[in-house]
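got a predicted structure here, sequence first:
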Amino acid sequence: MAISLTDSAAERVRTYLDKRGSGVGLRVGVTETGCSGYSYVINYADEIDDVDIVFEDKGVAVVVHPDALKLIDGTEVDFVKNGLNEAFSFRNPNISGECGCGESFTV
């Protein structure tokens, strides 16, 4: 069981946490929404709850709730810049389909 980060994602998280001056890592999760069932949720983690599972990758703590891990285990988080746009993206080996806009997925 693991969630991993590309070099670009790890650098983005470290840079942002340093600039922000607080936080313990990156929180990755899912919510039920969208046309395909689930959507990724990503935030900077300010604390780690007792039930959270924490992965360490490239010097960054990746915090995940156990319920979300069932859907995203093995996912690689990337940080992509495309012109003026930049965003985290996900390579989830568990998905069986995605909506046309790429905002939600089915497991």
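Nice, I can see it.

where does pLDDT dip in this structure?
Of all residues in the chain, those with pLDDT under 70 make up the ranges 1, 34-36, 96-106.

show residues contacting the biggest helix by length in the chain.
Across the chain, the longest stretch assigned as helix under DSSP state H is helix 7-20. Contact partners of helix 7-20, identified using Cβ atoms under 8 Å, 6 or more residues apart in numbering, comprise 5, 23, 25-26, 44, 57-60, 77-80, 88. Any C-beta I mention is one placed from the backbone N, CA and C, and that applies to glycine too.

so which of those residues is the closest to residue 107?
Looking at the contacts of helix 7-20 and their distance to residue 107, the nearest is residue 77, at 16.9 Å (Cβ to Cβ).

who's the closest one bridged to?
For residue 77, the residues forming beta bridges with it (DSSP bridges) are residue 5, residue 90.

contacting residues for residue 70?
Residue 70 touches nothing, counting by Cβ under 8 Å, 6+ apart.

picking up where we left off before, now do the buried residues in the longest helix of the chain.
In terms of neighbour count (16 or more other Cβ atoms under 10 Å), helix 7-20 has its buried residues at 8-10, 12-14, 17.

need the nearest residue in space to residue 43, chain neighbours excluded.
On the basis of Cβ to Cβ, 6 or more residues apart in numbering, the spatially nearest residue to residue 43 that is not a chain neighbour turns out to be residue 27, at 4.7 Å.
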